[in-house]
Each structure stands twice: as structure tokens, then as C-alpha cells.
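Colleague: build me a model from this:
(chains A, B and C)
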Amino acid sequence: MAQAQGTLNRKMIVDWLGIVPFMLFAVLFLILPTLYLVTGAFFNPAGELTLQNFRDLAQPQIAAAYWISIKISFASALGGLLIGFFLAWAITMGGLPGWIRSFVLTFSGVASNFAGVPLAFAFLATLGRTGLLTWLLAEFFGFNIYGHGFNLLSFFGLTLVYMYFQIPLMVLIITPALDGLKKEWNEAASILGATTTQYWTMVVLPILWPSLMGTFLLLFANSFGAIATAYALAGPAINIVPIQLYAQIRGDVLHNPNLGYAVALGMVVITGISNFLYIWLRMRAERWQK
Amino acid sequence: MNGKKILAWFAVAIGSLYFLLPLVATFEFSMRMRRGEYSFDAYRSVFADIQFRETFSYSILMALLTILVGMLLIVPTAYWVRLRLPQIRPIVEFITLLPLVIPAIVIVFGYLRLYNSSSFLPLTGSDRGTDILLVFAFMTLSLPYMYRSVDTSMRAIDVRTLTEAAESLGASWTTIMFRCIFPNVISGVLSGAFIAFAIVIGEFTMPSLLNRPAFGPYLQLIGANRAYEPPALAMIAFAMTWASMGLINLASRLQKVSRARV
Amino acid sequence: MAFLELSNIQKIYGTTQVVKDFNLGIEKGEFVSFLGPSGCGKTTTLRMVAGFETPSDGDITIAGIRQNDLKTNQRNIGMVFQAYALFPNMTAAENVAFGLKVKKKPKAEIDKTVAEMLALVGLQQFGDRYPFQLSGGQQQRVALARALAIKPQVLLLDEPLSALDAKIRVSLREEIREIQRKLGITTIFVTHDQEEALSISDRIVVMHQGRADQIGTPFEIYNRPKTKFVATFVGTLSIIEAKVEDPSANTVTIGGRTITIPESLGNSRQGDTISLALRPEALSLHNSEKREFSLTGKVASVSFLGSVIRTKLIVDGQPLSFDMFNDPNIKPPVVGETVEASFSGSDLLIVRD
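Modeller: Numbering: from 1, shown residues only, chains lettered A, B, ... in the order given. Prediction:
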């Protein structure tokens, strides 16, 4: 008995030993840094425990940054949701030739990774002051967008740019969900007397709702944390949270490192809640798929 | 049913317009360098730029290191979890999802505070040290994709049963690893590797804040100072991402050969 | 005209014709099975009645009304699918109520009908469960209740039992038949399992390569198969080659023995080979009933099937199966033994292609 227990313990020790490298990596390079910031938000520069940093988040510049970040994230997530769903529907249930589906999916894979600096360049070349579309609209339609107050660096412009990777992400995530809609459900609904509209409102949308909602939240979080594109378009001039944080890290513009931690914590809370809700909703959706 | 098809074509048409127009515009803009005619001058300028070559090679090196160290950590871990510690799987999966939740900028902020010259691991004190930190940063960033890719291919081949079968036939540990497991997960490894490659090459925030001469910050700099080179670079970046995607597709096609009825 | 009439139905996909010259009249309240192997066209024909496929030619009529141009949701037909197809976001009760909700019936009426239907299939207590909380058999019963709730004129079942365990299959098929009888609803049941079809149908349509090889009662199909396919697909059959001896006397020889067969051999000549078939239950080891003919053979295998023992003999180089009831007091044959098996001439079937 003692012998058997001895080997059992040794096996268990080896088992847990095997996971140590990964855990060490996770702790050192993921968990510890985040925790450091998160706890730092609860202290002031003098080292005392305080909640002042969170009150300071209400400062006009920071609050404005959060607000505009939330607006852009919400708008680009919504746009990504609606247009991405429309496109995903078209390639899965639209009765189109097979090659269109593969092309759209491959392109979506590329486009969802095309964020960052190159994307900014691409949109400057399209809708910048000397951009191709700007010129086309002025030449052939007499419509000078800049004359009408268009600005790529505004809420509208940035949302438009962000949709370039939000829409493909939506397509990639929702296409498997649409594929999962069994053909028999459509047939069963139809033979029970339902029209196409009734099938969609009574069966499809309720089934897809958790996936749709969840993906919306994922897109929201995705946009909230994005910085490179915005920075490439406007440098530190544009006031969104990641850029605020960037400036703070670079040069302590807030003159209070702990406030910077609070800004970071705010980001993590927002993206954390979104992602948590996304996972919860996805689990609910998968429960039905048994 | 005809109405449905028209609507579907309309969706694809609008999508194509929105997605292809910027690419066309970028290409067109990049050709405008020489006054009055289209030319590849911008591209020539880019390739002739020493900084382009230096930062691009730096990023490629970083990408390869990330993939190498990353896979050396991930493949055995994924295997180990599947085989010996299935109960820890939820925790490991949660950890691999964390980089998607915590924005990159927050992570690198943490690094700067935690590993500066006065910490227990003063990595930012030297260039080499910062490079090492950057590799770990990139690994963290690509962790979700690399892990998921490898884990999925391990799941598809049911590593546990395969190992038990090999053991019952008398195979040694190394034989199992290299002759049974590795060949079957190589497509997952490759998929993850290509995604990591695309991510690392394009990443801006991390190398910028850590002050390393990577491709991302170089792009940023060019964007601020030049007019025609940025769109040329954007086209090059797009072509590279497209190539990575193509290679990923190729790698997953290799996987379909071994896909079981899982 | 019959209640449900399929006239001269043809279905062509590209260059392949999957349903050929299909004619069938089903009376009101009748239970008809479409029986056949995969790819024989039985499901395609069913789906044409439902409206999911359109016949390339021919008419489908229900109660005198031509259905071809009616859309699926206009035909008032109930259908049960092999994969249950219950809506996963709705409870059992909500699933059953679906067809009524679509027609915008008043809530009181819906609730009453749902309760009735669930009681009919024995699932009164399960109304609040979701499909993922129900077993396969339970899901299929909900599907049946859902199809019947709209009081359809015809009920279609597309291999409804194929995805279920063997024991459930047997009990559920009897339940389905009971309910069908109670409601008097005209039903088409598609299956590849001949035991299913034989046990519950009023009539069976045996289909083969797009054609209806034979239409008849289970008794007719089993005992008087019209084609070689029907004879071999339905039930077990041993086929032996015999040589014609005297066409005028209808005699043939097998393994040296002369046998008179009940059918006319008028068109054959001496020395021709014809195929004869015998059901396993037609043979007997111990000639207690004094059957006229017997064949000698060597026992090749003995299988214990529970209530029946199936023995395979080699007669004149050809395999012949026969069954005997398991009697604990009688020793079964031994492999290698030479035995004599007897049968009546009237049990012989001539098999034509």
C-alpha cells in the first residue's frame, strides 16, 4: 500500500512539474504585470491606499477620452454586427456560387489582421485630403467632403476605418453559427405553415441572439483596446483612451503614475466585462446546440 | 427565391466596394510618386531605405524567435495538459484568453513598471534585455492563436489514445513525441506560426513603448514624414498578410488529411 | 380517385432519373410504407409530396386538389424528420404550439391543443423541457405531436426511427401506429428496415432504383414477391439454382433429387437453369409434417439467434439457410453433420429478375 501511494505521489509531482514552465511564463509576463498595474491604481504616489485615482478619472480630458472611446467602439461594433451579419448571411444562405464564400472568408481572414498602421495609410490614401475617393467624389459628383466638414480624425471617420477589421471579424465568427442552422429547421418551420419572415423571427434570430450579442461585445472590446490605427492617423492629438495611456506611459503627461494605472484598470474592466459577457453568452448558445 | 439572390449579390457588392476601394486607392496613391506618371518609384525608395531593411529584418527575427520559443513552450504544454492534467485545462484555456481581454498597451505598461532597472528582473536596463522582454511580449500577444491552433489539432487526433496505443506497442517517450505526435500536429503548429508571424510583423504598440527598432514603429515614422512611401508600405504589408493567410490555408489543408470523425 | 394520388411521377436531377413512373393511390386513413435501400428514391418521393422537391413530371393530388404548384407552407401536411428537427430555442410545448402560433390561433385554443397532443404521445409532464433535455425517443414523440397539432390532412414520416436505439424503435413504431389508427390520419412512412414496414403497414411500396417494384400488403410482399429484388430485400431467402428436367411435368432437379414445382415451366426447355427460392422457415429438419421433398446437405454453420436457430447447409455446392424454433429439449445440428431438410413444393418460389 505504502509503495503504491509512493508511486502515486511521484507521478502526481511529475504531472504538476510539467505545467510549471507555462505557469511561470503566464505569471511573469501576463498576470503579474497586470496585477501590478491594477493594485497600483489603488495607491497614490506617496504609497498610501486611496480611491482618489478613480475620482480623478472624471477629469474632463480623461472622461472625454473614455466617452469617445466608448462611442467609437459601440458604433464600429454595431456597424460590424449589422453589415458583417448581412455579408455572412449572403455567403451562407444567399444561394451564391461556392467560390464567393471561400473568397470572402479568406479575405476576411486577411482584413481582420490588416489593422494598425497600414490600415491608416490605406484610408488616408482613400479618404484623406488627396485621397482617391475624395477626388472621385469631387470630380464626378461635385461633392467636396472636406468642404462639408468630413474629417477622417473624427468620430465618424474613425468608426468608418475601424469597420474595416470589425466587419471581417464578425463574418468569421458568425459564419459557423449560420452554418449550424440545420436545414431541417427551415423545412420543419415551412411545413408547419411558417413564411420565411416567421421562420426568421421565431426560430433563427432567437437561436442566433446569444452569438450575435456576444460577438457585438467582442467587437466592442476589440475596438476599445485598439491604438495603432488611430495613432497612425493622428498621433497623440486624437483623444481616445489607449492614446491617453500611451502618452502617459511615454511621458507621464498626467503627472501622476498611479492615475495612469487607474486609466489602465478602467480599460481592463471595460474589456474584461465585455469579454466575460461574450463568453457567457456563447456558452448559453452552445448549450442549445447539443 | 430570386429576390433572395439579388439581395445576397447586393450584400457582396457593397462589401466588395468597401473593402476593395481602399486597396485600389492605396495602390494608386503609391504609384503617384513620380510627377505626372505612374511608377514604382515609391517602392524602389522603400526597398532602398536602410531603415526599412533593418527594421524589417529585426521584426522577422523577432517573429521567428517568438514562434520558436512560443512553440517550445506551447506544444509540450498542450500535450501535457491533454495527457496528464486534463483537470487543469479550464485554467490554462482561461490564461490563453487573457491576452485578448487585456489590451496590449496595458500589458506592456505593466512590463515597463515591473521589469525596469530597479526591479527583481531588470530587463529594460539593457538592449538585449529589452529584446528578450519584447519576445515574451510578442509571445503573450500571439498566445491565444498559437495555443488554440496547436490544441485543436491535438484534439482532432486524440493524443491520449494515440499515446496509449503507442505505449502498448512498446514505443519509447521520444519515439512517441517525434514519430507519432509531432507529425500530426505540425499543421496546427504551422497555422499558429503564420498567425504569430503576421501579428509580430505588424505590431506597433509594444516595440514602440519598449523603444526597439521594429517594423511597426518604422511604419509610423514613415507615415509622419513621407507621402508616397506609406501607401507603398501598406501594399507590401497587405501582400504579406495575404501570403500568410494563404500559407495558413495550406497548412490546414494538410490537417484535413488527418481529420478524424471527431 | 384515391384520397392521396401520385400519378406518373418522374424526378430527374441533371442526367439521372431518381424516380421513374411512380403511380400510387392511398385511401384516407391508410398507413403506407415506402421500403427500400438507400438511394432507391423513397425519400425523394416523400419530399415531393411534402413540397420540398418538385416532380419533373406527373401530378400529386390530395382530396382532389392538385398540389404541385402549392408551396410547402400551404399544403397542411405534417412531417416528422429523421433528425427530429425540434427548434432548440423552444420547449417541447412551444415546439408543439409552433404550427398553431404561425396560424395566429387564440391562446386558449393553442394551450388546449398542445396539452392534448402531449398527452397523446405520453409526454404530458415534459412540456417545459428543452430538446437538449430530452432523450432521442422523447424528442421524436414531441416531433410527432408537433406535426399532428396542426390537424394535417396527410402525415409524412421520413425514417423517423433510424436514429434511435433498437428497443425504442420497436416500441415507438407501435405507438406511432396506434396514434395513427386513433386519429385515422392518412400516413406515408419511409424506411429501409423491412421488419418495421412489415409490422405496421396496411400496404408497402417496395422501391428499387427509382421504381416501385411491388405494391401490396405485408403478407403479399413477403409470401408472393414479384421480383428478385423484393424477394431478397424483404426477409431472408435462400436462392438455389435448379436444372429443368421435364417442362411439361414442371419438374426440376437439385443435387440429384427431382422436385415438382407449383408453377408452370412451359417456356423453359430441358437443361435450362432456373432460380428457386425458399424462406428459412419453410424447411424442416424433422419431417413431422410429411413434406413431399427433401434435400441432403452438410451443415456449414449454426447460429443461435435467441428464439430461432439458423442453420446453413451446403446443398449441391450451394448454401441453403433454414430456421427452427429453439426447443431446449432438442439438440441443434452440429457443424459437419449431414442432414436432410424437407419442404413443401408449394413453398417454392421461382425467382425472376
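Colleague: grab the nearest non-local neighbour of the most centrally placed residue in chain B.
Modeller: By C-alpha atoms, centre = their mean, chain B has its centre lying nearest to B:Ala196, at 1.7 Å. Residue nearest to B:Ala196 in three dimensions, not counting chain neighbours: B:Ser142, with 3.8 Å by C-beta to C-beta, 6 or more residues apart in numbering or on different chains. In this view, the C-beta of every residue, glycine as well, is placed from N, C-alpha and C.
Colleague: can you list contacts of the helix ranked longest in chain C?
Modeller: As assigned by DSSP state H, the longest helix anywhere in chain C is helix C:166-183. Helix C:166-183 is contacted from outside by C:31, C:120-122, C:136-137, C:140-141, C:144, C:148, C:155, C:157, C:160-161, C:164, C:187, C:189, C:193, C:196, C:199-200, using C-beta atoms under 8 Å, 6 or more residues apart in numbering or on different chains.
Colleague: any idea how far the spatially closest residue to A:Ile174 that is not a sequence neighbour is from A:Leu51?
Modeller: Sequence neighbours aside, A:Ala88 is the residue nearest to A:Ile174 in space, at 4.7 Å (criterion: C-beta to C-beta, 6+ apart). Per C-beta to C-beta, to the nearest Å, A:Ala88 is found 44 Å from A:Leu51.
Colleague: then B:Ala78?
Modeller: 41 Å.
Colleague: cool, C:Leu86 as well?
Modeller: C:Leu86 is 52 Å from A:Leu51, by C-beta to C-beta.
Colleague: out of the two, which sits in the more crowded spot?
Modeller: When C:Leu86 and A:Leu51 are compared on other C-beta atoms under 10 Å in any protein chain shown, the one with more neighbours turns out to be C:Leu86, at 27 against 11.
Colleague: hang on, that one in a helix?
Modeller: No - note on C:Leu86: no helix contains this position according to DSSP: H, G, I helix; E, B strand; the rest coil, which reports coil.
Colleague: which pLDDT value belongs to it?
Modeller: At C:Leu86, the model reports a pLDDT of 94.
Colleague: so who does it touch?
Modeller: Contacts for C:Leu86 (C-beta under 8 Å, 6+ apart) come out as A:Ala188, C:Ala92, C:Asn95, C:Pro131, C:Gln139, C:Val142, C:Ala143, C:Arg146.
Colleague: ok, which of the residues you listed also contact chain B?
Modeller: By C-beta under 8 Å from any C-beta of the partner chain, no member of the contacts of C:Leu86 lies near chain B.
Colleague: which of those sit farthest apart?
Modeller: Distance extremes for these: the farthest pair is A:Ala188 and C:Ala92 at 14.1 Å, using C-beta to C-beta.
Colleague: how many neighbouring residues does residue 109 have?
Modeller: Reading this off chain A. 23.
Colleague: my bad, chain C
Modeller: 11.
Colleague: tell me the secondary structure of it, please.
Modeller: C:Glu109 is classified as helix under three-state DSSP.
Colleague: hmm, C:Lys101 and it touching each other?
Modeller: No - between C:Glu109 and C:Lys101 there is no contact under C-beta atoms under 8 Å: 10.8 Å.
Colleague: and the strands in the stretch 151-300 of chain C?
Modeller: Along the stretch 151-300 of chain C, counting by DSSP state E, counting those that start in this stretch, strands occupy C:154-158, C:186-191, C:203-208, C:211-216, C:238-246, C:251-254, C:257-260, C:273-278, C:293-304.
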